[in-house]
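Participant: Fold the following and give me the result.
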Amino acid sequence: PFRLRPVFSNQFLLETAAFLDFESTREYAIKLLAADAGKPPLNQSSMLLIKVKDENDNAPVFTQSFISLSVPENNSPGAQLTKISATDADSGQNAEISYMLGFDAPPEFNLDQRTGILTAVKKLDREKQEKYYFTVLAQDNGIPPLMSNATVFVTVLDQNDNSPIFTHNEYNFYVPESLPKHGTVGLITVTDPDYGENSAVTLSILDVNDQFTIDPQSGVIRPNISFDRERQESYTFYVKAEDGGRVSRSSTARVTINVVDVNDNKPIFIDPPSNYSFEWVLPSTNPGTVVFKVVAIDDDIGMNAEVLYSIVGGNTKGLFMIEQTSGNITLKEKCMVSDLGLHRVIVKANDLGQPDSLFNVVNVNFFINESVPNATLIYELVRRSIDAPANQNTETTSASSPTTDYVKIMVAIVAGTITVVLVIFITAVVRSPQP
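Facilitator: Next up, the predicted model:
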């Protein structure tokens, strides 16, 4: 790469014929030969050693332009991740390399300027950030300095450091008591911020509860029983969520199933206790007087248990009326002589359930008279009255029938009594001694 160029008489200039590269050849040994033009010519030679001086013409080169790392989360701060290295073909100060993080590097990492060791200065959390991309720089100490860069890709590996999380601390479900067995009660939703098997959650019911089942994966709760709110209004149990980590983690949530009332119970009469009882009413009772209070209860709740009363049969003379909410039966008109005797009033109690209301009926029997001479006879009249054909408009015989029946029975009693007296008298006469 050298040549001689004459400049003056017997003077020559040694110059380069091509670019010199320190990194290729650092020195040259050149033999110079000088010869005269005499005959024979004489010559002399000399050796010349040329050393090439380095210039900073090479930037550092990373051994890997793309560096991929996998790091478990929850690392100890200051943990060494990898050693980043680069080379510089120059020499001396021009080959001295310093390492730096790029401007895009997150604060979780540090790069040792001299050794190139990359460390995580903070605890990494995969659930907050799973991947990091940033640039690292290598710069030599030449004048001017030269620089190159490489890309670092860090993947944070999951550890089972999170327990399953229920969407609610406590679940309250409301189901109608008419829900069939194995119907759907509700859905339990649970999440786990971990990854893979660490986030695979299995659900189960604690305390070996055979009344309900839960799908281990979907979280659907179904009953193995038929609900009856009147027997049990609510059910409470705990659901466990357990992940599939090598060392599993779990959590629990309380579940309450509230049984909503369905109108499945008819009103039941408490008073009168049966169709065969009767109430005594004096003929002198003033109109508007409460002569009896009908009481019915309904085992449902809310509107399904609200009861209204009405007269739907009997009461052929219209002597009685009922207050629909209280059940108070009052005398509507003043009693006449023709009203004496037994009267049947058919009372209906219906609830306000939706969509269909339920009802029940009862016979309320009134005996209008100044006294009750023989209760057994009145009960017989009641029995005969109930056994008689009836419809909603005429649930008992005519108004005169109770009186007529009563008179007939009383006449029969009197006649029977007179007969017994006559028999006793005749027997006494017959047995008396003759004079």
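
Participant: Strands of the stretch 51-200 of the chain, residue ranges please.
Facilitator: 61-62, 66-72, 79-83, 86-87, 97-101, 109-111, 117-120, 131-140, 147-157, 165-166, 170-176, 186-187, 190-191 (DSSP state E, counting those that start in this stretch).

Participant: next one: the stretch 201-350 of the chain
Facilitator: Using DSSP E, counting those that start in this stretch, strands in the stretch 201-350 of the chain cover 201-205, 212-214, 220-223, 234-243, 250-260, 268-271, 278-281, 290-293, 295-297, 307-314, 320-322, 328-331, 341-351.

Participant: do you know which of those lies nearest residue 39?
Facilitator: strand 234-243 (104.7 Å; Cβ to Cβ). To be clear about C-beta, it is placed using only N, CA and C from the backbone, and glycine gets the same treatment.

Participant: buried set for the closest one?
Facilitator: Neighbour-count burial for strand 234-243, counted by 16 or more other Cβ atoms under 10 Å, picks out 235, 237, 239-243.

Participant: just curious, which of those residues is nearest to residue 299?
Facilitator: residue 235 (18.9 Å).

Participant: so who does that closest one touch?
Facilitator: Residue 235 makes contacts with 211-212, 256-257, 259, as judged by Cβ atoms under 8 Å, 6 or more residues apart in numbering.

Participant: Which members of those are classed as buried?
Facilitator: Applying 16+ other Cβ under 10 Å to the contacts of residue 235 flags 212, 257, 259 as buried.

Participant: Make TSV from these and add pLDDT to it.
Facilitator: Shown next, in TSV, are these (pLDDT from 0 to 100):
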residue	pLDDT
212	94
257	95
259	94
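
Participant: got those residues as CSV, with distance to residue 105 columns?
Facilitator: CSV is the format used below for these (distance: Cβ to Cβ, whole Å):
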residue, distance to residue 105
212, 54
257, 54
259, 60
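
Participant: from those, which is closest to residue 304?
Facilitator: residue 259 (12.9 Å).

Participant: Please name the nearest non-neighbouring residue to that closest one.
Facilitator: Of all residues beyond its chain neighbours, the one nearest residue 259 is residue 229 (4.3 Å), with distances taken as Cβ to Cβ, 6 or more residues apart in numbering.

Participant: Next: residue 237.
Facilitator: residue 209 (4.9 Å).

Participant: Residue 221 now?
Facilitator: With Cβ to Cβ, 6+ apart as the criterion, residue 221 has its nearest non-adjacent residue at 4.3 Å, and that residue is residue 185.

Participant: check contacts around that neighbour.
Facilitator: 173, 175, 179, 212, 221-223, 257.

Participant: Against residue 238, how distant is the residue most central in space within the chain?
Facilitator: By Cα atoms, centre = their mean, the chain has its centre lying nearest to residue 188, at 4.2 Å. For residue 188, the distance to residue 238 (Cβ to Cβ, to the nearest Å) stands at 11 Å.

Participant: what sits in contact with each of these two?
Facilitator: Common neighbours of residue 188 and residue 238 (Cβ under 8 Å, 6+ apart) are 253, 255.

Participant: what's the neighbour count on the residue nearest to residue 227 when sequence neighbours are not counted?
Facilitator: In this structure, residue 227 finds its nearest non-sequential neighbour in residue 177, 4.2 Å apart by Cβ to Cβ, 6+ apart. If you count neighbours by other Cβ atoms under 10 Å, residue 177 ends up with 19.

Participant: What of the one 3 residues further on?
Facilitator: Per other Cβ under 10 Å, the neighbour tally for residue 180 reads 9.

Participant: same check, this time on residue 246
Facilitator: There are 8 residues near residue 246, going by other Cβ under 10 Å.

Participant: Show me the domain layout of this structure.
Facilitator: 2-51, 61-157, 169-260, 268-413 (automatic domain parsing).

Participant: Let's test this: mean pLDDT of the longest one, rounded?
Facilitator: By that I understand domain 268-413. Domain 268-413 shows a mean pLDDT of 82.

Participant: same deal with the second one?
Facilitator: Per-residue pLDDT values over domain 61-157 give a mean of 95.

Participant: cool, stretch 229-245 as well?
Facilitator: Per-residue scores along stretch 229-245 average to 94.

Participant: Contact partners for residue 327?
Facilitator: Applying Cβ under 8 Å, 6+ apart, the residues near residue 327 are 293-296, 307, 309, 347, 349.

Participant: taking the strands of the stretch 201-350 of the chain together, which one is wrapped up most tightly?
Facilitator: strand 341-351 (a mean of 23; mean count of other Cβ atoms under 10 Å).

Participant: and that strand, what does it pack onto?
Facilitator: strand 307-314, strand 320-322, strand 359-368, helix 375-387, helix 400-431 (3 or more Cβ pairs under 8 Å, 6 or more residues apart in numbering; DSSP states H and E).

Participant: Next, the angle from it to helix 375-387.
Facilitator: On the basis of axes from the mean of the first three to the mean of the last three Cα atoms, to 10 degrees, strand 341-351 is oriented at 50 degrees to helix 375-387.

Participant: bridging residues for residue 62?
Facilitator: Judged by DSSP bridges, the bridge partners of residue 62 are residue 86.

Participant: and it, how many neighbours?
Facilitator: 20.

Participant: could you measure residue 46 against residue 5, distance?
Facilitator: Relative to residue 5, and taking Cβ to Cβ, residue 46 is found at 18 Å.

Participant: before we move on, what about residue 191?
Facilitator: Distance from residue 191 to residue 5, by Cβ to Cβ: 84 Å.

Participant: more neighbours, those two?
Facilitator: Higher neighbour count among residue 191 and residue 5: residue 191, with 13 against 9, using other Cβ under 10 Å.

Participant: Just the endpoints, please. Distance across stretch 83-97?
Facilitator: 14 Å (Cα to Cα, to the nearest Å).

Participant: that older thread, so which of the contacts of residue 327 is the closest to residue 93?
Facilitator: residue 307 (104.4 Å).

Participant: and that closest one, bridged to which residues?
Facilitator: With DSSP bridges as the rule, residue 307 is bridged to residue 351.

Participant: Do I have it right that it meets residue 265?
Facilitator: No. Judged on Cβ atoms under 8 Å, residue 307 makes no contact with residue 265 at a distance of 11.1 Å.

Participant: Quickly list what's touching both of the two.
Facilitator: With Cβ under 8 Å, 6+ apart as the test, residue 307 and residue 265 both reach residue 298.

Participant: Which member of the buried residues of strand 234-243 is positioned nearest residue 316?
Facilitator: residue 235 (51.9 Å).

Participant: and that closest one, how far is that from residue 177?
Facilitator: With Cβ to Cβ as the criterion, residue 235 and residue 177 are 12 Å apart.
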